[in-house]
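Colleague: Show me how the following folds:
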Amino acid sequence: MLRGGRGELGWDDLIRRIVDAIAPLKRYGPKGLVVFPAEVVMRITVRGGNVDVVQEFVDRPDLDQSIGATLANRWDLPIDELPVREYVVSAADRTSFTATEGVPKTWRLVIAGGDLDGRALDTPARWSELAFGRGPWHGGDHSVHNDLIVSDTTEFVSRRAGRLYRAGAHLEVAALDQGDELVVRRAGGEALRPARTARGRVPVRAGDAIELGDGRGKTVRLVVERVAR
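Modeller: Sure, this is the predicted structure:
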């Protein structure tokens, strides 16, 4: 579908129509500078047989990156001043693109297991990468800061366990010293290891869990939530 045959929706068309739908949400701030809401919900409807295809594409970080780059170039804005885009794809009789201002949200990791069991960690309002692991520091001389402390004393959690990346309305996670024992477990049970992927990253969505294990069955789980700020 997204190769753009006759009467079909191509990759470039998808980007263009999303950007065009977001455009009316812009406002003019001090000194006439363009500003957008902090969060935008992009609702896309397509014919039923194409829902899975479109969902697969909007889940790809490079699509959202292309949309961000197009928005930034069109209005000469820094990437970090653009709205976070959340995409909702559903079936309908016709294709439509509707953008509305959303409630500003943040990512939250709820720790299950280990010495910090039950603690909730909120991410900052604006960020691009966050390091997480055991204790506040890692590195040979403990000179590198962990942005998210998921354990203080649980030995099998590496000090330099992994790194989170913003990818539109999703996250990506990379395993660092935790290696193969960092697993993304989907709500449906599917398990993915970032260390074994070509890019070294796996997309993470609300409802997923990032598991840090010891290789013998013990785990610390980071349950991923998306909550209103």
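
Colleague: what helices or strands is the longest strand seen in the chain leaning on?
Modeller: For the chain, the strand that runs over the most residues, judged by DSSP state E, is strand 219-228. Helices and strands touching strand 219-228, by 3 or more C-beta pairs under 8 Å, 6 or more residues apart in numbering; DSSP states H and E, are strand 105-112, strand 148-151, strand 209-213. From N, CA and C alone the C-beta is placed, and that goes for glycine too.

Colleague: so where is the chain shaky, pLDDT-wise?
Modeller: The chain contains residues with pLDDT under 70 at 1-8.

Colleague: Got the domain ranges for it?
Modeller: 11-101, 105-228 (automatic domain parsing).

Colleague: Pick the most buried one from these.
Modeller: Across the domains of the chain, averaging neighbours per residue (mean count of other C-beta atoms under 10 Å) puts domain 105-228 on top, at a mean of 17.

Colleague: Spatially, what comes nearest to residue 167 if we skip its sequence neighbours?
Modeller: residue 61 (3.9 Å; C-beta to C-beta, 6 or more residues apart in numbering).

Colleague: Who are the contact partners of that neighbour?
Modeller: Shown in contact with residue 61 (C-beta atoms under 8 Å, 6 or more residues apart in numbering): 167-168, 170, 172, 203.

Colleague: Return the member of these nearest to residue 154.
Modeller: residue 172 (24.0 Å; C-beta to C-beta).

Colleague: Assumed the closest one was part of a strand.
Modeller: Yes. Counting by DSSP: H, G, I helix; E, B strand; the rest coil, residue 172 is part of a strand.

Colleague: ok, what's across the strand from it?
Modeller: Counting by DSSP bridges, residue 172 is bridged to residue 165, residue 203.
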